[in-house]
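*Asks:* Sequence and predicted structure are below.
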Number of protein chains: 2
Amino acid sequence: MNAEKHLEDFVAGQRIRSGEFVATAELVRSFTQAYDPQPMHLDEEAAQASMFGGLIGSGWQTLAITMRLLVDAKLLGTTPIVGVALKDVRFHKPMRPGDVLTAQAEVLGTRISRSNSGRGFLDLLVITSNQLGERLVTQNWTLSVPSNSRAT
Amino acid sequence: MNAEKHLEDFVAGQRIRSGEFVATAELVRSFTQAYDPQPMHLDEEAAQASMFGGLIGSGWQTLAITMRLLVDAKLLGTTPIVGVALKDVRFHKPMRPGDVLTAQAEVLGTRISRSNSGRGFLDLLVITSNQLGERLVTQNWTLSVPSNSRAT
């Protein structure tokens, strides 16, 4: 896990599972105060009356926590995780204060970059779940990863 | 700007522009420490030696700041901004410590929900730029918005 990884280290179907991240009420509150200050995240009464029936976290924090989980899981070993694009980010259920999140990344495939023969693209399906195994967010990541191959 | 907005208040081509958000070195550091603790975000020397040539912010924070800018711009008036999906999130350039970010949302279209006649979907192209007018991130948002129409 602690070596530098290259594009050639990944094959479709491989899965990397993360540890756990506890989204405490305090962490949820401080994030939403800074980045998503809406009543459903900060006002207990307004949240109760909303379609969510109680306080929920920000989807942007669910995404940020997913990154932290996969950084800690050493998704690419010591190689930096550099995102190029996200596709089809779907928010299935909101994170709730106190939720315990886990993430899983599944390799969808690899592509050599045409413009830069020293690098390529790694496509991943990333799933973030709560402690009940419910999917909160699913997304497709495209990462820029160094490659051992040379384009011809 | 301070009224409740419905799906029918939006037409393709409308643009909402945000104010400014200063991504101070301290804010960039505290976010990356919490959610994206990688050398290119936290270690000046490693960042200098990287493909980025200096410290960069996390793309996840650029996304979170974009949300804050559009919450403050009252994108939907007093109607909660509830995201369903993100499509084609592209990270064109990294945010740098000290950057001043602005966001713009352009209405791409609206769709009545088939499953829930009281709500519909608002599709937006969201562009986040720095103080030089360079695009950092572009993305398509799908929001769930209350509708005045009834499906027939």
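*Replies:* Good, I have the coordinates.
*Asks:* most centrally placed residue in chain A?
*Replies:* Centroid check for chain A by Cα atoms, centre = their mean gives A:T66 as the closest residue, at 3.3 Å.
*Asks:* in the helix or strand hosting that one, what counts as buried?
*Replies:* A:T66 is part of helix A:59-72, with elements assigned from DSSP states H and E. Within helix A:59-72, the residues scored as buried using 16 or more other Cβ atoms under 10 Å in any protein chain shown are A:59-71. To be clear about C-beta, it is placed using only N, CA and C from the backbone, and glycine gets the same treatment.
*Asks:* Keep only those of those that are also close to chain B.
*Replies:* A:59-61, A:63-65, A:67-68, A:71 (Cβ under 8 Å from any Cβ of the partner chain).
*Asks:* The residues you listed: which two are farthest apart?
*Replies:* Within these, two members stand farthest from each other by Cβ to Cβ: A:G59 and A:V71, at 19.1 Å.
*Asks:* still on that earlier bit, who are the packing partners of the helix holding A:T66?
*Replies:* strand A:21-22, helix A:25-35, strand A:82-91, strand A:100-112, strand A:119-129, strand A:135-146, helix B:25-35, helix B:59-72 (3 or more Cβ pairs under 8 Å, 6 or more residues apart in numbering or on different chains; DSSP states H and E).
*Asks:* at 6 Å what do you get?
*Replies:* The helices and strands touching helix A:59-72, judged by 3 or more Cβ pairs under 6 Å, 6 or more residues apart in numbering or on different chains; DSSP states H and E, are strand A:100-112, helix B:25-35, helix B:59-72.
*Asks:* which parts of chain A sit against chain B?
*Replies:* Applying Cβ under 6 Å from any Cβ of the partner chain, we find that chain A lies next to chain B at A:35-36, A:38, A:40, A:59-60, A:63-64, A:67-68, A:80, A:83, A:85-86, A:89-91.
*Asks:* Return the set of buried residues in stretch A:133-151.
*Replies:* In terms of neighbour count (16+ other Cβ under 10 Å), stretch A:133-151 has its buried residues at A:136-147.
*Asks:* Then stretch A:68-85?
*Replies:* So for stretch A:68-85, counting by 16+ other Cβ under 10 Å, buried means A:68-71, A:73-76, A:79-85.
*Asks:* Can you check the distance spanned by it, start to finish?
*Replies:* Length of stretch A:68-85, first residue to last, Cα to Cα, to the nearest Å: 17 Å.
*Asks:* what does it rub up against?
*Replies:* Stretch A:68-85 has contacts (Cβ atoms under 6 Å, 6 or more residues apart in numbering or on different chains) with A:1, A:3-5, A:16, A:18, A:21, A:103, A:105, A:142-144, B:35, B:38, B:40, B:59, B:90-91.
*Asks:* Low-confidence regions, chain A specifically.
*Replies:* Along chain A, the parts satisfying pLDDT under 70 run over A:1-2, A:150-152.
*Asks:* hmm, 50 instead?
*Replies:* For chain A, the stretches flagged by pLDDT under 50 are A:152.
*Asks:* Neighbours of A:L132, how many?
*Replies:* Neighbour count of A:L132, defined by other Cβ atoms under 10 Å in any protein chain shown: 8.
*Asks:* One more: A:F31?
*Replies:* Counted with other Cβ under 10 Å, the neighbours of A:F31 add up to 23.
*Asks:* out of everything not next to it in sequence, what's closest to it?
*Replies:* Leaving aside its chain neighbours, A:F31 sits nearest to A:Q61 (4.4 Å; criterion: Cβ to Cβ, 6 or more residues apart in numbering or on different chains).
*Asks:* Just confirm the one you found contacts A:Q33, I think it does.
*Replies:* No: contact criterion Cβ atoms under 6 Å: A:Q61 and A:Q33 do not qualify, at 11.2 Å.
*Asks:* coming back round to it: relative to strand A:119-129, how tilted is the helix holding A:T66?
*Replies:* Put simply, helix A:59-72 runs at 120 degrees to strand A:119-129, going by axes from the mean of the first three to the mean of the last three Cα atoms, to 10 degrees.
*Asks:* what angle sits between helix A:59-72 and helix B:25-35?
*Replies:* Helix A:59-72 runs at 70 degrees relative to helix B:25-35, counting by the same axes, to 10 degrees.
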